[in-house]
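Enquirer: Only the shape, not the letters, is given here:
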RNA sequence: GCUGGAAUCGUCUAGUGGCAAUGACAAGAGACUGUAAAUCUCUCGCCUUCGGGCUUCGUAGGUUCGAGUCCUACUUCCAGCA
């Protein structure tokens, strides 16, 4: 079982530590979206420097290229990518929902590679095997998102997700039994801070230890389905839970209240795909979620939409052409400490690669640190004040 | 000086008698939530009560129901020959 220590509780919210074979994750935490084993525009060093504790990659993308076998050969996701720290993989289930031209059956999903047109089939078993090869610490069960928001479609998707979960668990346990537990050989894990902050001189844990499985709760916006799904998932021998199929903060509080009141307290909960809007993070934590991942911050960054405490701004707007102040004067990210809005504006207008790098550093830092601050506020009992202060300013 | 050719929205450009006129870039703005996203959308002569109105293709005339398009002159630029 994945070790998860809860240090403090406040209603449904909690402060804790997830102990993975590649290091600890202090929760609540924002996990960087590294779909193709890279956080777009950022190096792993930049991710470490901005304070990221974990990354999440996508099984669907990685089996197409470079293949799960290759990542296994490289020593697993953390080693292959040079991240070194805790890792998650998403199952590929979300792609069933988001990609065109997929054939879904009870067995699994058939699709063509967008790279070379080759035929692929992903099943609960194959997703588990591929995730096992990719070797992230935490795996998501292969789930099925509904094709529409209707009750019937949601119910059908939930039921299939549950049937697939059972198959995932069987395959996951079979794979884990073969696992040779090497742990970290008593050496310092690469995810821990380095003395000099950069060079890595010691060998890292390679695919070390057992890998862990999260069940995925479905049910859309229907609380009875969410409750049913949460009960089902809660009854299974999994290490934690992903909460999937959430696309907006509207109604998320009630949904999470329902789900997280049912899920066992002693296992971590990951809110899949949410975190583009700061309110997602506050509501998510308040109602019992421990980790988050979202492509929003880095995608926004690449498109010139940058977070500030007063809301998002579009740095490409003409009004920033001669704004020689930092994006945020009180932000400690590399971007804000060194560069002005006018310069960022110029980098974007001239389509320089560095524009995306600096913007991604800032946006990723911004969300990572919101969650860090939320964690601190829970620890010292000021969550309500911090939430109110932050959100009233951001959404003014 | 002669002979050809060319002048169209900030730039380059399509357009050879029929509705302010093509495309690209630039410019202005918006979207983005488990990333087929370095992507996508909208605006881009002026005015508008969003129905339309007005003024435009170097300049000035002309032919025609109608001209960016045909004719004449002029201006500027390009090429070739002197």
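Expert: Okay, I see it. Please read all numbers here as calculations on a predicted model, not as lab measurements.
Enquirer: tally of neighbours for the closest residue to residue A:387 other than its chain neighbours?
Expert: Among residues not flanking residue A:387 along the chain, residue A:282 sits closest, at 4.9 Å (Cβ to Cβ, 6 or more residues apart in numbering). Yep, even glycine has a C-beta here, placed from its N, CA and C like the rest. Residue A:282: 25 surrounding residues under other Cβ atoms under 10 Å.
Enquirer: hang on, isn't residue A:282 packed against residue A:391?
Expert: Yes - between residue A:282 and residue A:391 there is a contact under Cβ atoms under 8 Å: 6.3 Å.
Enquirer: Now do the same contact list for the residue nearest the centre of chain A.
Expert: For chain A, residue A:293 is the residue whose C-alpha lies nearest the centre (Cα atoms, centre = their mean; 2.6 Å). Taking Cβ atoms under 8 Å, 6 or more residues apart in numbering, we find residue A:293 in contact with A:30-33, A:56, A:88, A:90, A:270, A:272-273, A:275.
Enquirer: The stretch 1-150 of chain A: helices as residue ranges?
Expert: Assigned by DSSP state H, counting those that start in this stretch, the stretch 1-150 of chain A shows helices spanning A:44-49, A:59-64, A:68-73, A:77-80, A:93-98, A:124-134.
Enquirer: Please identify the buried residues of stretch A:358-375?
Expert: Using 16 or more other Cβ atoms under 10 Å as the test for burial, stretch A:358-375 gives A:358-372, A:374-375.
Enquirer: Could I get the average pLDDT for that stretch?
Expert: Mean pLDDT, computed over stretch A:358-375, is 98.
Enquirer: next one: stretch A:212-222
Expert: The average pLDDT within stretch A:212-222 is 96.
Enquirer: just stretch A:60-80 next, same as before
Expert: On average, stretch A:60-80 scores 94.
Enquirer: do stretch A:158-166 as well
Expert: Computed over stretch A:158-166, the mean pLDDT rounds to 97.
Enquirer: which residues sit against that stretch?
Expert: Stretch A:158-166 has contacts (Cβ under 8 Å, 6+ apart) with A:93, A:106, A:124, A:141-144, A:146, A:215-216, A:218-220, A:225, A:228-229, A:232-233, A:236, A:238.
Enquirer: Can that stretch be said to contact RNA strand B?
Expert: No - using Cβ under 7 Å from any atom of the strand, we find that stretch A:158-166 stays clear of RNA strand B, coming within 8.6 Å at best.
Enquirer: Repeat that for stretch A:140-150.
Expert: Yes - using Cβ under 7 Å from any atom of the strand, stretch A:140-150 reaches RNA strand B at A:140, A:143, A:145.
Enquirer: tell me the contacts of the residue of the stretch 201-350 of chain A found nearest RNA strand B?
Expert: RNA strand B sits closest to residue A:273 of the stretch 201-350 of chain A, with a gap of 2.3 Å, by Cβ to the nearest atom of the strand. Residue A:273 makes contacts with A:94, A:244, A:246-247, A:293-295, as judged by Cβ under 8 Å, 6+ apart.
Enquirer: hmm, try it at 10 Å
Expert: By Cβ atoms under 10 Å, 6 or more residues apart in numbering, the contact set of residue A:273 is A:33, A:56, A:90, A:94, A:242-247, A:280, A:292-296.
Enquirer: List only those of the residues you listed flagged as buried.
Expert: A:33, A:56, A:90, A:94, A:242-246, A:280, A:292-296.
Enquirer: Filtering those by proximity to RNA strand B, which remain?
Expert: Counting by Cβ under 7 Å from any atom of the strand, A:33, A:56, A:90, A:94, A:242, A:244-245, A:280, A:293-296 from the buried ones among the contacts of residue A:273 sit close to RNA strand B.
Enquirer: Make a markdown table from the residues you listed and add pLDDT to it.
Expert: Listed next are these as a markdown table, based on pLDDT from 0 to 100:
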| residue | pLDDT |
| --- | --- |
| A:33 | 98 |
| A:56 | 98 |
| A:90 | 97 |
| A:94 | 88 |
| A:242 | 98 |
| A:244 | 95 |
| A:245 | 93 |
| A:280 | 97 |
| A:293 | 98 |
| A:294 | 98 |
| A:295 | 97 |
| A:296 | 98 |
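Enquirer: Before I go, just wanted to say thanks for your time.
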